Structures are given as C-alpha cells and as structure tokens.
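> generate coordinates for the sequence data below:
(one chain, ligands or ions: 1)
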Amino acid sequence: MAKRQKPDIEFKCEKCGSPQPKNDEKSDNNFDVFDCNQTCECGGKFCMYIDGYKIG
Ligand SMILES: [Zn+2]
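Modelled structure (predicted):
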C-alpha cells in the first residue's frame, strides 16, 4: 500500500461541508491562507480536516 507524502489538508464547513474560500488578500501562489475566524454562509464554522479527519 502506497503512503502519501503529503497529508491531504482541507478547510471545510463543519455543518454543510462546503470548502472554505481562501483569503485572496493574504494568499500567494505558493501558500493558501485561510482566515480561521471566517464563518460559512450557512452559519457553520470552518474547520481543518486532514485526510478527512477533523482537527481541533
Ligand atoms: Zn456551511
């Protein structure tokens, strides 16, 4: 079984699962910046998921 080098990190709403838009002002081509205080339009909080598991 092949191991992946990089963990799959996503930022998603914990309620509806929609992906968090990155912060365009702070992001550049190499690094996506997500505002941890941002909330989804459904009212849910965005959380970090690594390989599908919710962190924090
Ligand atoms: Zn949502």
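
> what sits opposite the residue positioned nearest the centre of the chain in the beta ladder?
Geometric centre of the chain, nearest residue: residue 11, 1.1 Å, by CA atoms, centre = their mean. With DSSP bridges applied, the residues forming beta bridges to residue 11 are residue 48.

> ok, it - contacts?
With CB atoms under 8 Å, 6 or more residues apart in numbering as the criterion, the residues that contact residue 11 are 19, 20, 22, 34, 46, 47, 48, 49. Any C-beta I mention is one placed from the backbone N, CA and C, and that applies to glycine too.

> buried among those residues? Need that as a selection in PyMOL.
To isolate the buried subset of the contacts of residue 11 in PyMOL, counting by 16 or more other CB atoms under 10 Å, use the following:
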select buried, resi 20+34+46+47+49
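
> out of the contacts of residue 11, who's nearest the ion?
Top of the list for closeness to the ion, among the contacts of residue 11 and by CB to the ion, is residue 46 at 8.0 Å.

> and stretch 13-23, which residues are buried?
Using 16+ other CB under 10 Å as the burial criterion, the residues of stretch 13-23 that qualify are 13, 20.

> can you give me how far that stretch is from the chain middle?
Its chain's C-alpha centre lies 7 Å from the corresponding centre of stretch 13-23 when counted by CA atoms, centre = their mean, to the nearest Å.

> I'd like the contacts of residue 11 laid out as JSON lines, including distance to the ion and pLDDT.
Output for these, formatted as JSON lines (distance: CB to the ion, whole Å; pLDDT from 0 to 100):
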{"residue": "19", "distance to the ion": "10", "pLDDT": "95"}
{"residue": "20", "distance to the ion": "9", "pLDDT": "95"}
{"residue": "22", "distance to the ion": "16", "pLDDT": "90"}
{"residue": "34", "distance to the ion": "14", "pLDDT": "86"}
{"residue": "46", "distance to the ion": "8", "pLDDT": "94"}
{"residue": "47", "distance to the ion": "11", "pLDDT": "92"}
{"residue": "48", "distance to the ion": "15", "pLDDT": "92"}
{"residue": "49", "distance to the ion": "14", "pLDDT": "93"}
